[in-house]
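here's a sequence, model it:
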Amino acid sequence: MIRRRATGGGASGRRGGIPARYDGRVPENAPAPEIYREIPRAEWARLAAGMAQPLTETEVVQIRGLGDRLDLAEVRDVYLPLSRMLSLYARATKQLGADTAAFLQEADSTTPFVVGVAGSVAVGKSTIARLRAS
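Sure, this is the predicted structure:
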């Protein structure tokens, strides 16, 4: 299961999960907001359809860590959509910084987009870092 932060949407008549006529009050029976979206692996893998495979089998073998079971299918199904999504976030963040600087009539001083990878032992932190760098 791939988890990622939800970015809005919601029922009809809503923008970003907030009713069109929001008065600031939260109904007593309102469910807690979802901050993560669970995406089944097969659905996540479908997001890679049509994306070019950037690595060869030899490159994947060189990237994988000791005891890793990383193969081209795993790269295509999991890491390729993740890399694409991170690229979209980075590009949008850079554009927002540039647009904000232009609006404020300042020099663009957009900070770098930094991705932190966390987890316990042997969960693939180094592998994802090596794949993302490739």
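
use CA for all of it now, contacts and neighbours both
Fine.

ok, residue 110 touching residue 98?
Yes. Judged on C-alpha atoms under 8 Å, residue 110 makes contact with residue 98 at a distance of 6.7 Å.

count the neighbours of residue 107 for me.
Neighbours of residue 107 under the rule other C-alpha atoms under 10 Å: 10.

so it is in which element?
For residue 107, there is no host helix or strand (DSSP states H and E).

pretty sure it sits against residue 101.
Yes. Residue 107 is in contact with residue 101 according to C-alpha under 8 Å; the separation is 6.0 Å.

now the strands: where do they sit in this protein?
2-5, 14-15, 18-19, 36-39 (DSSP state E).

okay, now the domains of the chain?
1-39, 40-109+125-134 (automatic domain parsing).

avg pLDDT for the longest one?
Yep, that's domain 40-109+125-134 we're talking about. Mean pLDDT, domain 40-109+125-134: 84.

tell me how far the residue at the greatest distance from the centre of the chain lies from residue 34.
Residue farthest from the centre of the chain, counting by C-alpha atoms, centre = their mean, is residue 28 at 32.4 Å. Distance, residue 28 to residue 34, by C-alpha to C-alpha, to the nearest Å: 17 Å.

likewise for residue 23?
Applying C-alpha to C-alpha, the value for residue 23 to residue 34 is 20 Å.

returning to what we had before: check the strands of the chain for me: which has the lowest mean pLDDT.
What stands lowest among the strands of the chain, in mean pLDDT terms, is strand 14-15, with a mean of 46.

hang on, the earlier thing: between residue 23 and residue 34, who's got more neighbours?
residue 34 (11 against 8).
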